[in-house]
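Student: missing the sequence, but the structure's below:
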């Protein structure tokens, strides 16, 4: 891969996640303060991510993989997305905002797979070449949050600018996409079935009782996960945290740190303990949020955010490794698609629809909530999931880790 291509792919990945992080983190605050949306409407708005995740495989499976080059579809989707994002800034009520953001998320979510496809096509050894490029995506999300915090858009009531900033970035990425190396359709002329699209070929994995336990736990843990994505920014702003979006970016910094440390933990803990520690981190995070404040317990708020690295890496990344090794070469792609559809699609969708009514139930005024009662609910859900997982997941599989383990393609073997 030439230096020029590497730079383009890095810019593509940076912009891909900068766009998402620019408006997604603070949307809840924008909806409640600017569009005067209810907590229920806030949850519904965030559910568009899950609806987009559910529909994305069909767009990729029926269009990108069969008819058009990935970089061209990426460009078209981001140009349309730029227009939709900018149009949201002209809307003054939630009822008009919702269908636009729904259409946008249905368009955006497929691009997450497309940027990976474009990247992998240019690589001889993705396990070594992809991580330095993918890390630019996390950096893009961090920079977006820090920019919002530095400019003080939350405190100034100017969060409409986040959508404009994302629109400009989407326009740039849309144009950049047409200059990316050609990535022709991978399955041109091949017949694609419904089972292929949603990864049903890998459903046989569920016959393994341990994997079934992991699969159900993955779906269930995404219910409390929705509380974090949907309401952390409104919570931070409500309790008086300054530059909340910038503070939240500490979660992504933590994610990067633990991503590098994961091989060390993986060797010592193994799959079951890694997954359990990840779920325990969710319980601790919400307890810290429940009792945190901007006074003496501010460390609890920061601690809850920093735990994001453990929450995400230890559970989701370990789960991807576990799924990858259990599926084998034949069903790797199908298995990853199936677990993603179940978690970020079904699990998060359920969480988004129940989080809004719960938060609204504990609203004590137009500008305040009983956040302690709110956060203890996802903490309880995560605790139940953790207990069930520990009881029913039999760690018969063990992972023998060799030197050189990395997160993207671990040198490990899982014995069934």
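Tutor: Right, received. Where do you want to start? No experiment lies behind these values; they were computed from the predicted model shown.

Student: Does residue 106 touch residue 53 like I think?
Tutor: No: contact criterion CB atoms under 8 Å: residue 106 and residue 53 do not qualify, at 9.6 Å. Every residue, glycine included, has its C-beta placed from N, CA and C.

Student: So between the two, which is more surrounded?
Tutor: residue 53 (23 against 19; other CB atoms under 10 Å).

Student: Can you tell me the element the nearest residue to residue 344 once chain neighbours are set aside falls in?
Tutor: What sits nearest to residue 344 in space, not counting adjacent residues and going by CB to CB, 6 or more residues apart in numbering, is residue 53, at 4.5 Å. Assigned by DSSP states H and E, residue 53 belongs to helix 39-59.

Student: Packing partners of that helix?
Tutor: helix 27-33, helix 94-121, helix 194-198, helix 209-239, helix 348-361 (3 or more CB pairs under 8 Å, 6 or more residues apart in numbering; DSSP states H and E).

Student: what number of residues lie near residue 81?
Tutor: With other CB under 10 Å as criterion, residue 81 counts 24.

Student: tell me which element it is part of?
Tutor: helix 70-88.

Student: Residue 247 now?
Tutor: helix 244-291.

Student: Now do the helices in the stretch 301-416 of the chain.
Tutor: 308-309, 318-340, 348-361, 371-392 (DSSP state H, counting those that start in this stretch).

Student: which residues sit against the shortest one?
Tutor: With contacts defined as CB atoms under 8 Å, 6 or more residues apart in numbering, helix 308-309 is touched by 250-259, 285.

Student: And the helix holding residue 247, what does it pack against?
Tutor: Using 3+ CB pairs under 8 Å, 6+ apart, helix 244-291 sits against helix 126-151, helix 153-156, helix 209-239, helix 298-306, helix 308-309, helix 318-340, helix 371-392, strand 399-401.

Student: rerun that using 7 Å as the cut-off
Tutor: In terms of contacts (3 or more CB pairs under 7 Å, 6 or more residues apart in numbering; DSSP states H and E), helix 244-291 is packed against helix 126-151, helix 209-239, helix 298-306, helix 308-309, helix 318-340, helix 371-392, strand 399-401.

Student: and residue 166, which of those is closest to it?
Tutor: helix 126-151 (8.0 Å; CB to CB).

Student: which parts of the closest one are buried?
Tutor: Under the neighbour-count criterion of 16 or more other CB atoms under 10 Å, helix 126-151 has 126, 129-130, 133-149, 151 buried.

Student: Looking at the helices and strands packed on helix 39-59, spot the one closest to residue 7.
Tutor: Short answer: helix 94-121, nearest of the helices and strands packed on helix 39-59 by CB to CB, at 12.7 Å.

Student: circling back to that earlier point, ranking the helices and strands packed on helix 39-59 by mean pLDDT, which is last?
Tutor: When the helices and strands packed on helix 39-59 are compared by mean pLDDT, helix 194-198 comes last with a mean of 57.

Student: How is the closest residue to residue 70 other than its chain neighbours assigned, secondary-structure-wise?
Tutor: Leaving aside its chain neighbours, residue 70 sits nearest to residue 183 (4.0 Å; criterion: CB to CB, 6+ apart). In three-state terms, and counting by DSSP: H, G, I helix; E, B strand; the rest coil, residue 183 is coil.

Student: Tell me which of the helices and strands packed on helix 244-291 lies nearest to residue 85.
Tutor: helix 126-151 (13.1 Å).

Student: picking that back up, for residue 302, which of the helices and strands packed on helix 39-59 is the nearest?
Tutor: Among the helices and strands packed on helix 39-59, helix 209-239 sits nearest to residue 302 (CB to CB), with 10.4 Å.

Student: Show me what that closest one is packed up against.
Tutor: Using 3+ CB pairs under 7 Å, 6+ apart: helix 209-239 touches helix 27-33, helix 39-59, helix 244-291, helix 318-340, helix 348-361, helix 371-392.

Student: Distance of the residue nearest to residue 299 when sequence neighbours are not counted relative to residue 389?
Tutor: Take residue 299 and drop its neighbours on the chain: the residue closest to it by CB to CB, 6+ apart is residue 292, 7.8 Å away. Distance from residue 292 to residue 389, counting by CB to CB, to the nearest Å: 26 Å.

Student: out of the two, which sits in the more crowded spot?
Tutor: Comparing residue 292 with residue 389 by other CB under 10 Å, the one with more neighbours is residue 292, at 25 against 21.

Student: domain ranges for the protein?
Tutor: 1-185, 196-416 (automatic domain parsing).

Student: Worst mean pLDDT among the ones you listed?
Tutor: Looking at those, the bottom one is domain 196-416 with a mean of 82.

Student: Off-centre distance for that domain?
Tutor: Computed by CA atoms, centre = their mean, to the nearest Å, the chain-centroid distance of domain 196-416 equals 10 Å.

Student: Tell me which of the helices of the stretch 301-416 of the chain sits most buried.
Tutor: helix 308-309 (a mean of 23; mean count of other CB atoms under 10 Å).

Student: before we move on, the earlier item: ok now do the residue nearest to residue 70, which residues does it touch?
Tutor: If you count contacts by CB atoms under 7 Å, 6 or more residues apart in numbering, residue 183 has them with 69-71, 117-118, 121.

Student: coming back round to it: let me have the helices and strands packed on helix 244-291 in JSON lines, adding distance to residue 42 as columns.
Tutor: Formatted as JSON lines, the helices and strands packed on helix 244-291 follow (distance: least, CB to CB, whole Å):
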{"stretch": "helix 126-151", "distance to residue 42": "18"}
{"stretch": "helix 209-239", "distance to residue 42": "6"}
{"stretch": "helix 298-306", "distance to residue 42": "19"}
{"stretch": "helix 308-309", "distance to residue 42": "20"}
{"stretch": "helix 318-340", "distance to residue 42": "24"}
{"stretch": "helix 371-392", "distance to residue 42": "13"}
{"stretch": "strand 399-401", "distance to residue 42": "40"}
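
Student: Span of stretch 90-99 from start to end?
Tutor: 14 Å (CA to CA, to the nearest Å).

Student: what number of residues lie near the closest residue in space to residue 71 that isn't next to it in sequence?
Tutor: Spatial nearest neighbour of residue 71, chain neighbours left out: residue 180 (4.1 Å); criterion: CB to CB, 6+ apart. Residues lying near residue 180 (other CB under 10 Å) number 23.

Student: which SS state does residue 180 fall under?
Tutor: coil.
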